[in-house]
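Q: 3D model of this:
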Amino acid sequence: MFFKSEIQEALKQGGCPICILSRRSLNNYYFWLLHQNYSVLEHIQELQRAGGLCKDHARPLLEVRSEMTTYCLGIMYQYILQFRVSRLLALLTQLKKSNSGGWFFLRGVREERLQLTKSSFRKREICPACKYQRLQAGYALQDLAEQLGDAEIRELYDHSPGLCLDHLSQGIELLPDNKLLGLLEVQAKKLLHLESELAEFLRKFNYIYREEPKGEEQTSWIRAIRWCAGGGEGV
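A: Predicted coordinates for the structure are as follows:
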C-alpha cells in the first residue's frame, strides 16, 4: 500500500508516478534479499531458475561495499552458479553420448534427451526483482486510482505527465472499469496534446515555417520516447 503523501511526492517528480513508486519499492526488496532471503530456500530456488537478477536489478549489487553484504551475495550467487553448472555438466554428458555413435535405434532417444537438456539449461524465469517491481506497480496503480477522488491528488495528476505506456497498459489490464475511467480521461488528453506538439515540431521542419518561433514542441520527440520507454522520466 502506498500512502497519500508518497503518491503526492511521486506526482510532483515530473515523470510516470508508477515508475517512480515501483522503483523506490525496490529498496525494500534489496533490504530483505541482503538481510534474510539470500539463504531462504524458496528465494534461492527462484533465483536459480531465473539465473540471478537481470542486469538492471543486479547493477546496484555491484556497488555494495559492506563486507557482510558481499558475503551474503557470495552465498546467494554460489547457489545460483552451482545450479547452472550442474545443468551444464548434464548437457555436456548428453552431448558426448549423442556424438558417440552406437545403435541406430538409440540415436533418436539420445537426440531427444539432448534437446531436453539444452532446453533445461536455456530456460530462465523472470527476474524476481522484476516480478516484485511489477507487483508493486500494480499496488501503486490501485492506490492512485482509489485516491483520484481526493481533490489534491486529482489536481496533481491532472498536471503531471501521467502514466507511461507500460503502466497505462498494466492499469487497463488490472483496474476495474469504474476506477480506470478517471485515469484514461486524463491520459487521453495528455497524449492528444503530446501528439499535436509532435505534429507542430515536425511542421516547423518545413522550410516555409522554419523561421517561426520555437516553443515547447521542440522537446515533444523526447517526451514521446520517454512515454514509450517509461522509467519515471518526465513526459
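
Q: quick check: longest helix of this protein.
A: helix 67-98 (DSSP state H).

Q: on contacts alone, who are the packing partners of that one?
A: Helices and strands touching helix 67-98, as assessed by 3 or more CB pairs under 8 Å, 6 or more residues apart in numbering; DSSP states H and E, comprise helix 17-35, helix 41-50, helix 104-122. For the C-beta atoms, the positions are set from N, CA and C on the backbone; glycine is no exception.

Q: Pass me the low-pLDDT residue ranges in the protein, would you?
A: 98-122, 232-235 (pLDDT under 70).

Q: cutoff 90 now
A: 1, 14, 63-66, 83-125, 149, 161, 182-183, 204-217, 230-235 (pLDDT under 90).

Q: got the contact list for residue 53?
A: 47, 61, 127-129 (CB atoms under 8 Å, 6 or more residues apart in numbering).

Q: Same check on residue 61?
A: 30, 53, 73.

Q: from what I can see the first one touches residue 59, true?
A: Going back to what we said before, that points to residue 30. No. With contact defined as CB atoms under 8 Å, residue 30 and residue 59 do not form a contacting pair (11.5 Å).

Q: If you count surrounding residues, which of those two has more?
A: residue 30 (18 against 10; other CB atoms under 10 Å).

Q: how near is the nearest residue to that one once chain neighbours are set aside to residue 75?
A: Leaving aside its chain neighbours, residue 30 sits nearest to residue 60 (6.7 Å; criterion: CB to CB, 6 or more residues apart in numbering). From residue 60 over to residue 75 the distance is 18 Å, taken as CB to CB, to the nearest Å.

Q: again with residue 166
A: Taking CB to CB, one finds residue 166 at 33 Å from residue 75.

Q: Could you do residue 231 as well?
A: 31 Å.

Q: Same check on residue 55?
A: 21 Å.

Q: of these two, who's got more company?
A: Comparing residue 55 with residue 75 by other CB under 10 Å, the one with more neighbours is residue 75, at 11 against 8.

Q: pretty sure that one contacts residue 38?
A: Yes. Here residue 75 reaches residue 38: they are 5.8 Å apart, a contact under CB under 8 Å.

Q: And the most centrally placed residue in the chain, which helix or strand is it part of?
A: Nearest to the mean C-alpha position of the chain, by CA atoms, centre = their mean, lies residue 130 at 5.1 Å. Element membership for residue 130 (DSSP states H and E) is helix 128-147.

Q: just checking, what packs against that helix?
A: Using 3+ CB pairs under 8 Å, 6+ apart: helix 128-147 touches helix 4-11, helix 17-35, helix 41-50, helix 55-58, helix 151-158, helix 165-174, helix 177-203.

Q: Cross-check the contact I'm expecting between residue 142 and residue 174.
A: Yes. Using CB under 8 Å, residue 142 is in contact with residue 174, at 7.2 Å.
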